[in-house]
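Colleague: Predicted model and sequence below, questions to follow.
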Amino acid sequence: MLDSNNRSFEPLTVDEVVRSVLYKPGQHSSRTPSPLPFPRGRGRQGDAFEIETDLTNKSLRETRVAPRANAGGFVFFKLPNNRMRLGGYKVYIPEIHNVKTRRSLLFFEIELK
């Protein structure tokens, strides 16, 4: 993602999104992970697993897309200063290429409003 000054923002990983949904800034899980796979109570650990699975299934992955086909999914970003409005931002997709010839085709810039 690019802002109005063409500064780049990297997408968040699913793990970063899960942590930002479940924990307040500076808060971390007090439970240390066990090396043994004992079942645990649901609580935040169960919520984290469900949220992570859901977001992983819905996220846009790097994938091959055949001609006249499409791919879809979510890409997650954290805007500076907890900004909510997307006006002035653009999604920039730079690496579109032909798999057979390995030739770069073009890029996309999608302005957000």
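Modeller: Thanks, I have it.
Colleague: if you skip the residues just before and after it, what's nearest to residue 1?
Modeller: Distances taken as CB to CB, 6 or more residues apart in numbering place residue 9 nearest to residue 1, at 4.4 Å, with adjacent residues excluded. In short, each C-beta sits where N, CA and C put it, glycine included.
Colleague: From the rest of the structure, what touches stretch 8-16?
Modeller: With contacts defined as CB atoms under 8 Å, 6 or more residues apart in numbering, stretch 8-16 is touched by 1-3, 20, 52, 55-56, 59, 75-80, 92.
Colleague: Narrow these to those in strands?
Modeller: Members of the contacts of stretch 8-16 lying in strands (criterion: DSSP state E): residue 92.
Colleague: now the residue most central in space within the chain, nearest residue through space, not along the chain?
Modeller: Residue closest to the average C-alpha location in the chain (CA atoms, centre = their mean): residue 76, at 3.5 Å. Once flanking residues are discounted, residue 76 sits nearest to residue 12: 4.3 Å by CB to CB, 6+ apart.
Colleague: swap in residue 91?
Modeller: residue 110 (4.5 Å).
Colleague: if we can go back for a sec, if any of the contacts of stretch 8-16 are buried, put those into a PyMOL selection.
Modeller: Entered in PyMOL, the line below selects the buried ones among these, by 16 or more other CB atoms under 10 Å:
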select buried, resi 1+2+52+55+59
